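Peer 1: please work out how this folds:
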Amino acid sequence: MLTTTENINYDEIVKKSNYKFNLPIEELINNSKATQREKRNKKQVIPRPPNAYMIYRRNKAESPDIKSSGQSSSSKSILIADMWKNETDKNKQLFFILSMLAEKNCPKDLKYVQKKPSNTSKSSKTSSNFILSKL
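Peer 2: This next block holds a predicted model:
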């Protein structure tokens, strides 16, 4: 149960919300074990907890209207990004709370370590320049 100095119970806020989730909450806030990145990751690198948008995107990607649309993955991403921009502040707040719950589930003894950039120009442009490692 996650609380702040104001004694806000985030678990209860999520449970009492009227938002229709397409996946169970635990599946949304935990990193996927079925991704290609996870399968080829032989090291003990623990990924960062997902942020609010990534949880929202995972949830929307599983909705029946998006899943069965027949669009490419990039088209779905653009559509979901537009949906996020038009989402109400109340619903966005719910996903920010979910990201806090995901962060709570992350091991406490981890810190972000920046990877040394390789000599290729592509590596400096990727968003995967950070890994988590144990202290």
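Peer 1: remind me which residues of the protein are low pLDDT?
Peer 2: Within the chain, the stretches with pLDDT under 70 are 1-8, 32-46, 107-115, 120-135.
Peer 1: just give me the longest helix of it.
Peer 2: As assigned by DSSP state H, the longest helix anywhere in the chain is helix 89-105.
Peer 1: which secondary structure elements does that one contact?
Peer 2: With contacts taken as 3 or more CB pairs under 8 Å, 6 or more residues apart in numbering; DSSP states H and E, helix 89-105 sits against helix 10-16, helix 25-29, helix 52-61. Where you see a C-beta, it was placed from the backbone N, CA and C, and this is true even at glycine.
Peer 1: what about 10 Å?
Peer 2: helix 10-16, helix 25-29, helix 52-61, helix 73-86 (3 or more CB pairs under 10 Å, 6 or more residues apart in numbering; DSSP states H and E).
Peer 1: what angle separates it from helix 73-86?
Peer 2: Angle, helix 89-105 to helix 73-86, by axes from the mean of the first three to the mean of the last three CA atoms, to 10 degrees: 110 degrees.
Peer 1: so what touches helix 89-105?
Peer 2: Helix 89-105 has contacts (CB atoms under 10 Å, 6 or more residues apart in numbering) with 1-2, 4, 8, 10-11, 13-14, 17-19, 21, 25-26, 28-31, 48-57, 59, 84-85, 87-88.
Peer 1: quick one: buried ones out of those?
Peer 2: 10, 14, 21, 25, 28-29, 31, 49-50, 52, 54-57, 59, 84 (16 or more other CB atoms under 10 Å).
Peer 1: buried ones in the longest helix of the chain?
Peer 2: 94-102.
Peer 1: quick one: which of those is nearest Ser72?
Peer 2: Nearest to Ser72 among these: Phe95, at 24.3 Å, using CB to CB.
Peer 1: so what's the residue nearest to the closest one when sequence neighbours are not counted up against?
Peer 2: Once flanking residues are discounted, Phe95 sits nearest to Ala52: 4.1 Å by CB to CB, 6 or more residues apart in numbering. Ala52 is in contact with 84, 92-100, 102, counting by CB under 10 Å, 6+ apart.
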